[in-house]
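Chemist: quick one, structure for this:
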Amino acid sequence: MSIINEFISHIYISLNQSCKLRNDRILEIQLTNESLYDSMLFLRNDSKIRCKILTDIFAVDYLDRLELVYMLLSIYYNVRVCCKISLNKGEHVPSITKIFSTAEWFEREVFDMYGIIFSNHPDLRRILTDYGFQGHPMLKDFPLSGYTEVKYDLATQSVSYQPIDLPQDFRNFDFLSPWKGEK
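Modeler: Numbers count the residues shown, from 1 in each chain. Alright, predicted model coming up:
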């Protein structure tokens, strides 16, 4: 039995979660919000898995829901594990900073970009945008141009925030291409 098949069966038996092998040779586990903390603790501490490194946390906005993705690495077995959680907007997620210290900045980035709140996070504040920034720029309902424009004013030698003003005349686009493609 290959190491990947051993991983899949061990995860299924221990976590009672289905695990599948993706085309890119990454194991994918669908977790629930309630089982996240215990599952991450198991994946790190179990001697048959040894996912000691959290390489990334990111989110995906599907308009009706959010998906939170945790990428883990087992150097000992050279296996990557992808843990996914489906969330409703406004749902809180337990922080895993006590399990993986690298999660602290990853969770702050996800909070800043998507607005997902991690309960029991030691320092949950914005990391990429200004502290006064309104909204979360990676959400699909966030406007492309944002809400405000940041400018440096030479006269006052300070940074100023101004509402975006993008007046544009109506343009009618002709989507029919005069170019013929190959048949």
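
Chemist: which residue would you name as the spatial centre of the protein?
Modeler: Phe58 (1.7 Å; Cα atoms, centre = their mean).

Chemist: sec struct for that one, please.
Modeler: The assignment at Phe58 comes out as strand when based on DSSP: H, G, I helix; E, B strand; the rest coil.

Chemist: same question for Asp112.
Modeler: Once three-state DSSP is applied, Asp112 turns out helix.

Chemist: that one is in contact with Tyr131, isn't it?
Modeler: No: counting by Cβ atoms under 8 Å, Asp112 stays clear of Tyr131, with 10.3 Å between them. Backbone N, C-alpha and C define where each C-beta goes, glycine included.

Chemist: now do the shared contacts for those two.
Modeler: In terms of Cβ atoms under 8 Å, 6 or more residues apart in numbering, Asp112 and Tyr131 are not both contacted by any residue.

Chemist: so what's the residue nearest to the centre of the chain closest to, chain neighbours aside?
Modeler: Val69 (5.4 Å; Cβ to Cβ, 6 or more residues apart in numbering).

Chemist: tell me who's in contact with the one you found.
Modeler: Asp56, Ile57, Phe58, Ala59, Val60, Cys82, Cys83, Lys84, Ile85.

Chemist: and the first one, how many residues sit next to it?
Modeler: Each residue near Asp56 was counted by other Cβ atoms under 10 Å, and the total is 14.

Chemist: mind listing what it touches?
Modeler: Val69, Tyr70, Met71, Phe106.

Chemist: nearest residue to Trp105 in space, please, no chain neighbours.
Modeler: In space, Trp105 is closest to Ile127, 6.5 Å off (Cβ to Cβ, 6+ apart).

Chemist: that neighbour contacts Val110, doesn't it?
Modeler: No: the pair Ile127 / Val110 is not scored as a contact, 9.6 Å apart, by Cβ under 8 Å.

Chemist: compare the two (neighbour count), which wins?
Modeler: Legend: neighbour count by other Cβ under 10 Å for Ile127 and Val110, higher for Val110 (24 against 16).

Chemist: just confirm that one contacts Tyr70, I think it does.
Modeler: No: counting by Cβ under 8 Å, Val110 stays clear of Tyr70, with 10.3 Å between them.

Chemist: can you check which residues contact both of those two?
Modeler: What both Val110 and Tyr70 touch, as defined by Cβ under 8 Å, 6+ apart, is the set Ile57.

Chemist: now Leu87: closest residue in space that isn't a chain neighbour?
Modeler: Per Cβ to Cβ, 6+ apart, closest to Leu87 is Leu66, 4.6 Å.

Chemist: phi first, then psi, for the one you found.
Modeler: Dihedral pair for Leu66: phi -110, psi 150, per degrees, to the nearest 10.

Chemist: separate out the buried members of the contacts of Val69.
Modeler: Taking 16 or more other Cβ atoms under 10 Å as the criterion, what is buried in the contacts of Val69 is Ile57, Ala59, Cys82, Cys83, Ile85.
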